[in-house]
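Participant: Next input, structure requested:
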Amino acid sequence: MFSSPPKKVLIIGSVSKSLINFRGPLLQCLQKRGHTVLAGAPDDDRAHEVSPVLDDWGIPFHTIPMARGGMNPVEDLRTLQALRELIRKHKPDVVIAYTAKPVIYAGLALRLGGGARFFPMITGLGYAFTEGSGLRRQLLNRVTRVLYRHALGSADRVIFQNPDDQDLFLELGLVKDRARTVRVNGSGVDMECYPRQPLPKAPVFLMLARLLADKGVREYAEAARRVKQEVPQARFLLGGALDANPASVGQAELDQWEAEGVLEYRGRLADVRSALAECRFYVLPSYREGTPRSVLEAMATGRPVITTDAPGCRETVEHGVNGLLVRPRDVDSLYEAMMQVLEMLDEAVERMGDESVRLVRERFDVNRVNEQVLAATGL
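Facilitator: Numbers count the residues shown, from 1 in each chain. Here you go, the predicted model:
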């Protein structure tokens, strides 16, 4: 017996592949509960891979014009109109949107009419909300606040992934009532898809992220440079795509790191599991996250983690238990943590890996997280 009669549920994301990688178990869980599921995302460079998978699952896939970075009024108006038309045509009972643009423009579309219950998921705040100087960032922050405030006015409940984002939205008045918010433990990770893997003995670090300054890529490179001066055999792998975001690292900078032998760049990885199997330590020096999925995947495979004592990141690591927390934007702190784990006995490193797996099982298993989402949405 389910918590509600069968509904038509529309789920909207800003990257097509995320519908499978991040939300696939949720989509299938909704189907098993008897709901009719539709999915929407941009017609990006991975949409041709996503569409047949969703077809096999019996989930219609609708492409939406959506520019990933920046705010171009003309392009964003096209996104709003497309979402409004999609909702008008298919008349979903429930709309679930995640990441900034789907949340904002689905919320605005519903305010213009549609009648669906709306459950936006705040999965991270990105460039506009990350601390930094510059007129562009300040302007984008102000515009984004206004848009969120209007969009979230149509929400039945706003779903957050960490307490810092939840408190910030309430403090800024983007959400008026704490009772209309709920917190879940990230997007979850499928422990069958990411099983425990043996830790290699070699001193190999790995970072997986879009190549943005706000992810801490430059701090990772500089800390790697310093560590290699003391431990020449240490290796530092980097995987992820170059990005159109204003905070993106440039190709020339990346080439320089490779030429110096500081980093080994693996490009954008379709499957990160082989890279995780190769590393002994996982690193994400991000300035702010929702809950970083790459860290959860690393933890599920039994990797000790070095990440920042920053919103979203700090929830994944118990300092000294399954990894180490470092100060954001601080190369010295990151370098010291890297040296610390390199000097640890094998037994201590293995214990950290064991604790990473335990924490995922107890808090971040995708089945647990999906139950939280379904309870929050009444589905």
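Participant: where are the low-confidence patches of the stretch 201-350 of the chain?
Facilitator: Scanning the stretch 201-350 of the chain for pLDDT under 70 picks out the ranges 246.
Participant: And the stretch 51-200 of the chain, by the same measure?
Facilitator: 69-71, 126-128, 130-134, 137.
Participant: So which residues of the stretch 1-150 of the chain form strands?
Facilitator: 8-12, 36-41, 61-63, 94-98, 117-122 (DSSP state E, counting those that start in this stretch).
Participant: and what of the stretch 251-379 of the chain?
Facilitator: 264-265, 281-284, 305-308, 323-326.
Participant: Need these in TSV (columns: mean neighbour count and distance to residue 178).
Facilitator: Bear in mind the C-beta positions are built from the backbone N, C-alpha and C, glycine included. Formatted as TSV, the strands of the stretch 251-379 of the chain follow (neighbours: other Cβ atoms under 10 Å; distance: least, Cβ to Cβ, whole Å):
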stretch	mean neighbour count	distance to residue 178
strand 264-265	15	43
strand 281-284	28	29
strand 305-308	27	26
strand 323-326	25	27
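Participant: who wins for proximity to residue 92 among the ones you listed?
Facilitator: strand 281-284 (34.8 Å; Cβ to Cβ).
Participant: Which secondary structure elements does that closest one sit against?
Facilitator: strand 204-208, helix 293-300, strand 305-308, helix 331-342 (3 or more Cβ pairs under 8 Å, 6 or more residues apart in numbering; DSSP states H and E).
Participant: How many neighbouring residues does residue 9 have?
Facilitator: Other residues within reach of residue 9, judged by other Cβ atoms under 10 Å, total 26.
Participant: sorry, that was for residue 170
Facilitator: Residue 170: 17 neighbours (other Cβ under 10 Å).
Participant: Now the helix or strand encompassing it - C-alpha only, PDB.
Facilitator: Using DSSP states H and E, residue 170 sits in helix 163-171. This file holds the C-alpha atoms of helix 163-171, laid out as PDB (Å, rounded to 0.1, in the frame of the first residue of the first chain):
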ATOM      1  CA  PRO A 163      21.800  22.300   6.400                       C
ATOM      2  CA  ASP A 164      23.900  25.300   5.300                       C
ATOM      3  CA  ASP A 165      21.900  25.700   2.000                       C
ATOM      4  CA  GLN A 166      18.700  25.300   4.000                       C
ATOM      5  CA  ASP A 167      19.600  27.900   6.500                       C
ATOM      6  CA  LEU A 168      20.800  30.300   3.800                       C
ATOM      7  CA  PHE A 169      17.600  30.200   1.800                       C
ATOM      8  CA  LEU A 170      15.600  30.800   4.900                       C
ATOM      9  CA  GLU A 171      17.900  33.700   6.000                       C
END
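Participant: what's downstream of that helix, the next helix or strand?
Facilitator: Heading C-terminal from helix 163-171 (DSSP H and E), you reach strand 181-183.
Participant: Show me what that following strand is packed against.
Facilitator: Counting contacts by 3+ Cβ pairs under 8 Å, 6+ apart, strand 181-183 packs against strand 158-160, helix 163-171.
Participant: quick one: buried residues of the longest one?
Facilitator: Think helix 163-171. 164-166, 168-170 (16 or more other Cβ atoms under 10 Å).
Participant: now do stretch 237-248
Facilitator: Result for stretch 237-248 [16+ other Cβ under 10 Å]: buried residues 237-240, 243, 245, 247-248.
Participant: Nearest to residue 214, out of the helices and strands packed on strand 281-284?
Facilitator: Nearest of those (Cβ to Cβ): strand 305-308, 11.0 Å.
Participant: From the contact counts, what lies against the closest one?
Facilitator: Right, strand 305-308 is packed against strand 281-284, helix 293-300, strand 323-326, helix 331-342 by 3+ Cβ pairs under 8 Å, 6+ apart.
Participant: what's the third one packed up against?
Facilitator: Which is strand 323-326. Secondary elements touching strand 323-326 (3+ Cβ pairs under 8 Å, 6+ apart): strand 305-308, helix 331-342.
Participant: Alpha carbons of the shortest one, as PDB, please.
Facilitator: What follows is the C-alpha trace of strand 305-308 in PDB, where atoms were taken according to Å, rounded to 0.1, in the frame of the first residue of the first chain:
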ATOM      1  CA  VAL A 305      38.500  11.200   1.600                       C
ATOM      2  CA  ILE A 306      40.100  14.600   1.900                       C
ATOM      3  CA  THR A 307      37.600  17.400   1.400                       C
ATOM      4  CA  THR A 308      36.800  20.800   2.700                       C
END
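Participant: List the strands paired with that strand, with their directions.
Facilitator: Strand 305-308 has these partner strands in its sheet, going by DSSP bridges: strand 281-284 (parallel), strand 323-326 (parallel).
Participant: From the chain's centroid, how far away is the last one?
Facilitator: Distance, stretch centre to chain centre, for strand 323-326: 19 Å (Cα atoms, centre = their mean, to the nearest Å).
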